[in-house]
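Visitor: Got a predicted structure plus its sequence, pasted below:
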Amino acid sequence: MSNNGNRYAIAALKQKRGSLASDIIQTNDKLRQLKSSLHSVDATLRILDPSVELGAIPTKRPRKKVKLYRQGELSRLVRGALREAGNQPISIHDIVSTLMELGGHSEESRVAIRARVRSNLCYLEKQGVVRKSGEQKMALWRLSQL
C-alpha cells in the first residue's frame with residue numbers, strides 16, 4: 001500500500017480510536033453514577049429494614065427492544081397485506097409471513113413480528129379499520145370497508 005493510502009488509513013483509525021476512548025469514558029462515568037445510586041438505595045433499604053439481605057434481591061433482566069418498523073409503518077403494511085387478500089379473511093400467520101417476506105426478516109424475528117402484528121390488529125379493530133372473525137389462534141382478519 002502506498003504512503004498516501006497508509007496516511008488516510010492511519011488518520012481514520014486515530015479518529016475511530018478517539019471516538020471509542022470517548023465512549024469508554026462516558027460509559028465509566030455512567031457506571032460510577034449507577035453504582036452511587038445503587039449504594040444510596042442499599043443504604044435506604046438498610047435503614048428501613050436492617051435485616052434485609054441485599055444479595056438475595058434478584059436483578060431485573062433488561063428488556064431488549066428491537067426496532068423493526070418506523071412510526072406508522074407496521075400499520076400501513078398490515079393494512080396492505082389485508083388489502084392484497086381482498087375479500088378473503090386471513091390469519092395473523094399469513095400477515096406475518098407477508099411482512100417478513102416484504103421486510104427481508106429472518107425466521108428468528110417471527111415471534112417479535114407476530115406480537116407486534118397482533119397488537120396492531122387489536123388497535124386497528126378498536127379503531128374500526130379491521131374486523132376479526134373467530135377466536136384466538138383461529139382468528140381471521142379483514143378490512144372493515146370491504
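Guide: That came through, no problem. Numbering: from 1, shown residues only.
Visitor: Got phi/psi on P50?
Guide: Note on P50: its backbone torsions stand at phi -60, psi -20 [degrees, to the nearest 10].
Visitor: avg pLDDT for the host helix or strand of L20?
Guide: If you go by DSSP states H and E, L20 is part of helix 3-48. Mean pLDDT, helix 3-48: 93.
Visitor: roughly how far out does the next helix or strand after that helix sit from the chain middle?
Guide: Downstream of helix 3-48, the first helix or strand assigned by DSSP H and E is helix 73-85. From the chain centre to the centre of helix 73-85 is a distance of 20 Å (C-alpha atoms, centre = their mean, to the nearest Å).
Visitor: got it, and stretch 33-49?
Guide: 31 Å.
Visitor: For it, which residues meet the burial criterion?
Guide: For stretch 33-49, a neighbour-count test (16 or more other C-beta atoms under 10 Å) marks nothing as buried. Every C-beta, even on glycine, is put in place using the N, C-alpha and C of the backbone.
Visitor: Identify the residues contacting it?
Guide: With contact meaning C-beta atoms under 8 Å, 6 or more residues apart in numbering, stretch 33-49 is reached by V52, L54.
Visitor: how about the CA coordinates for that stretch, as CSV?
Guide: Taking Å, rounded to 0.1, in the frame of the first residue of the first chain, the C-alpha atoms of stretch 33-49 are listed here in CSV:
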residue,chain,number,x,y,z
GLN,A,33,-23.3,7.2,38.7
LEU,A,34,-25.2,3.9,38.7
LYS,A,35,-23.0,2.5,41.5
SER,A,36,-23.6,5.6,43.6
SER,A,37,-27.4,5.3,43.1
LEU,A,38,-27.3,1.6,44.0
HIS,A,39,-25.3,2.4,47.1
SER,A,40,-27.9,5.1,48.1
VAL,A,41,-30.8,2.7,47.6
ASP,A,42,-29.0,-0.1,49.6
ALA,A,43,-28.3,2.4,52.5
THR,A,44,-32.0,3.4,52.5
LEU,A,45,-33.1,-0.3,52.5
ARG,A,46,-30.8,-1.0,55.4
ILE,A,47,-32.3,1.9,57.4
LEU,A,48,-35.9,0.8,56.7
ASP,A,49,-35.2,-2.9,57.1
